[in-house]
Structure formats: C-alpha cells, structure tokens
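> Structure, please.
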Amino acid sequence: MNLKATNKTETNKYELEIEISAEDFNKAIDEVFKTEGKKIAIPGFRKGKAPKAFVEKYYGESVFFEGAVDRLYRPALMDAVEASGLEVISIGQADITEVSKENGVQMKVVVVVKPEITIEGYKGIEATKKKAEVTDEDVSAELVKVQDRNSRMVTVEDRAALTGDTAVIDFEGFCDGEAFEGGKGENFELALGSGQFIPGFEDQVVGHETGEEFEIAVKFPEEYQAENLKGKDATFKIKLHEIKRKELPVLDDEFAKDVSEFDTLDAYKESIREKLQSDREKSAEADVENQILEALIEKVEGEIPDEMYDNEVEESINSFAYRLQSQGLNLETYLKYTGMNTDALKEQFKPQAEKQVKLRLALEKIAANEGLEPTEEELNAEYEKLAKTYEMEVDKIKNIVAEAQVKGDLQSQKAVEFVKENAAVKSEE
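Model (predicted):
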C-alpha cells in the first residue's frame, strides 16, 4: 500500500501522505536506465553501452530519479486515493519531500473531495401548473402559418405597391449630393412593411407602380452604425421594376389533402388541435418540473468547493465546442467572431454550471435518503437503450460506460420522479 496517512486540512480537503517503497523505486530506476541509458554517452564507452553504475557516477546518483518518479507517480497516487476511501473530485500538485534509493519516495498531495450537503423540505415543494388550453384562434393561427409556408409569389400589374407586397427595386443613396458607400443596390427584393430599411424608406415606395422612377427623402437614425451617416438627411433614387404579392392557398379540403394525410379540412383542424394540446401539456409538465428543480437547488445547504464548479464549467465548454464542431465551426473561431475570450466564456457558463452541480448533489442526497436504487432490469434496460442510441453492442457499451455512472444517472432520475410525486402542484387559475 502506498498510502501512509490521510489528514483533513480543511472542509472538503485532505492531505494524502504517499510512500513509494525503496524496492519499487529502485526497480523503476532500472527500467528507466534500460530505455534512457541507450542515449547516454560516457567517455571510454560506446554510446549507450556504459553500465548504470558508471552513468550514475558520471552524472550523479539522481540522474534517473525524475524518470523513475514519473513512472511511479500516477499508479501510486491512484492506489492511495482508492485506499483513502475518499470521493476525490480534484487532485493538487504533489509535494515530494524525499527521494532516495535507501528510503524510496515520500510525497504529499492535497485532494478535494465531494462535499457533504444537506437538503430539507424536498417533500411538498409547491408548484403551479399552467393551463394547457387550445382555442379556435390558436388553431386558426397555426393554419395561417401552414398557409404561409405553402404560399407563392405572384406579379401584380394592375395596381400600385401596398404594404405587405415585395417590391423589386434599384436604388442609390446620396448625402449632400454625393453617393455614399453601401447605398446602392440592383433588383433588390424589399418586403414593404418589414422594417428592413431605415424608417420612412419603405413607406415612400408604397403607392408607386411598376416602371416608375422616383426619389424619396429620409433621415438616418442617430444610432445608425455608419458614423458618417448618423443623423444625416439622404435622398434615394428609386426604380421600381416589379411588384409581387404573396398568394395564399384557399383553406378547403383540397388544401388539407395537399399538406396533410387528412381528406377534409375539419379533420386536419382537429389534428392541429390535438397536437397543440399535446405540446402544451408537455410544456406545462416541463415547466412544473423546472419549478421543482429550481426549488431543490435553493434548498441545498453545504460548502461546495470551487473545483466542482470549475470542472462543470470545463465540461460545459467542451460540450459547447463539440456542438460547434458538428456545425463546422471551432471554438477559437467562435470566440474571435463574438469578441470573447476564454475567461468571458467561462463566466457565461458559470451560473448554469453552479445550478447543475447543486442539483446533482441534491438528487444524489435524496436518492441516498430515500433508498432509491435501480434494479438489475433497469440497469440492463438502460444499457440496451445506450447501445441502440450509439448503434453498438451492449457488451461494448458496458466496457465504455461504467456501471457506477449508469446507476448514478438512474438514481438521479428516480430522485426527480420522487420529488415530483411528492410535490404540491396546483393548477393555474
């Protein structure tokens, strides 16, 4: 055993006194010599052929100490952590107090352990469930969205442009009689009333007909992004090439057949109502769960080490970077585009990371308090689900994902369900 002593230094911190025996240390020195000695040149010997004793005499007895310690450090540390029985979440730098062939290696390492928290009042948490009503107006609004998605643009030839039309225009802007950069466009499709252009621009296109050439006068806002145009009066020369309007399909049985699996509009409306109802009920349930979990977080009492928060932030950033990568963007480029640095990104993730740590600790404590243990069948079912998700054999998944991790996830799920079942949920009035 490599662990000599476990000394509590402060809340959530212990100092481990670790010893590597002289026998193990000397064996490691011999192993290092076998690999590193081949590279060493000693006068009177061919390169790599000098005996270990000669090398140590020439370069000093400690010539292979660092390599030997490097070989033994991690296994000794892991052995000591396991022997301590502590649930370690962070390991500090080793302080090596002695290294010698006679006595081996003596060192001290400070470790941070998972905190012991308390949580009271997790039964009977109050929450309010929102109403999940669906009105005729809601169904109609959803139908309008489907109509819009299935609309087409048609050319208007018998009237002037109206708000809601799309005008195809050439334009060129002038300030103090001079054309300015970025103020020119050709065959630009401008949705009138969309607010794409500065205030007053689109309104002055309304009322003109196809083929017209005209001028409009506008004033750039004081907060406009281009410094040279802020608050300036400007004139735009416009040529209106085409007016287009959105033509919506008629809401009838044929429309229902075209956009759905239903033969009648009434049947399609009913399916929309059912989906909206289901979505809103799920949303209401999710909101209740969120209220309960937020309340749990507030009930956590205990001194939680910063290292836990830091680890969670790092995991969040790694997950974020992975998502960016799947979109063809790396984290460094994202930071450059957003003008952020790593420290700013960490600060951004920190509040949610703190919540996640507290929630995880709360659920673990509740599972322990209430004896919430997954059955063998539940563990196997979870592994089957993971195997299906990652399209791998169950045995391979078991080699990759430790049973303790799967068990912990299931315990947390059980704790969530337990708290929800024991919550005091009232309906919104």
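> Bridging across strands, which residues link to Met153?
Lys246 (DSSP bridges).
> which residues of the stretch 101-250 of the chain fall in helices?
Using DSSP state H, counting those that start in this stretch, the helices of the stretch 101-250 of the chain run over residues 136-149, 201-205.
> which one of those helices lies closest to Ile117?
Nearest to Ile117 among the helices of the stretch 101-250 of the chain is helix 136-149 (43.7 Å), distances taken as C-beta to C-beta. All C-beta spots, glycine's among them, are computed from the backbone N, C-alpha and C.
> If we go by neighbour counts, what in the longest helix belonging to the chain is buried?
Assignment by DSSP state H gives helix 265-299 as the longest helix of the chain. The neighbour-count criterion (16 or more other C-beta atoms under 10 Å) identifies 265, 268-269, 272-273, 276, 280, 284, 288-289, 291-293, 295-297 as the buried residues of helix 265-299.
> do the same with stretch 131-139
Taking 16+ other C-beta under 10 Å as the criterion, stretch 131-139 shows 132, 134, 139 as buried.
> before we move on, what about stretch 153-162?
Result for stretch 153-162 [16+ other C-beta under 10 Å]: buried residues 156, 161.
> could you pull out the strands for the stretch 201-350 of the chain?
213-219, 233-247, 300-301 (DSSP state E, counting those that start in this stretch).
> Adding distance to Val110, write those out as CSV.
Shown next, in CSV, are these (distance: least, C-beta to C-beta, whole Å):
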stretch, distance to Val110
strand 213-219, 66
strand 233-247, 67
strand 300-301, 25
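> Can I get those in JSON lines including mean pLDDT?
Below are these laid out as JSON lines (pLDDT from 0 to 100):
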{"stretch": "strand 213-219", "mean pLDDT": "95"}
{"stretch": "strand 233-247", "mean pLDDT": "95"}
{"stretch": "strand 300-301", "mean pLDDT": "96"}
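> Relative to Ser90, which of the ones you listed is closest?
strand 300-301 (19.4 Å).
> List the strands paired with the closest one, with their directions.
Partners of strand 300-301 in its sheet, by DSSP bridges: strand 118-119 (antiparallel).
> residues in contact with the partner strand?
296, 299-302, 362, 365-366 (C-beta atoms under 8 Å, 6 or more residues apart in numbering).
> Stretch 14-26 now?
2-9, 68-69, 72, 76-77, 80-81, 84, 86, 94, 99-111, 113.
> Just the buried ones out of these, please.
2-3, 68-69, 72, 76-77, 80-81, 84, 86, 94, 99, 104-111, 113.
> for the protein, what are the low-confidence residue spans?
Along the chain, the model assigns pLDDT under 70 to residues 1.
> Please tell me how far the residue of it most remote from its centre sits from Phe64.
Here the chain reaches farthest from its C-alpha mean at Gly44, the gap being 62.0 Å by C-alpha atoms, centre = their mean. Here the criterion is C-beta to C-beta, to the nearest Å. By it, Gly44 lies 20 Å from Phe64.
> now Ala76
17 Å.
> now swap in Glu315 and tell me
With C-beta to C-beta as the criterion, Glu315 and Phe64 are 38 Å apart.
> higher neighbour count, these two?
Phe64 (22 against 13; other C-beta atoms under 10 Å).
> tell me the contacts of that one?
29, 32-33, 36, 56.
> ditto for Asn150
Asn150 neighbours (C-beta under 8 Å, 6+ apart): 248-249, 255, 258-259.
> For PyMOL, what selects the buried ones among the residues you listed?
A single PyMOL command suffices to select whichever of those are buried according to 16+ other C-beta under 10 Å:
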select buried, resi 249+255
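> just the contacts of Asn150 now: which is nearest Phe349?
For the contacts of Asn150, the nearest to Phe349 is Val259 (41.4 Å; C-beta to C-beta).
> Is the closest one in contact with Lys145, as I believe?
No: taking contacts as C-beta atoms under 8 Å, Val259 lies outside contact range of Lys145: 11.0 Å.
> mind checking which of the strands of the stretch 201-350 of the chain is nearest Arg152?
Here strand 233-247 is closest among these (C-beta to C-beta), at 5.4 Å.
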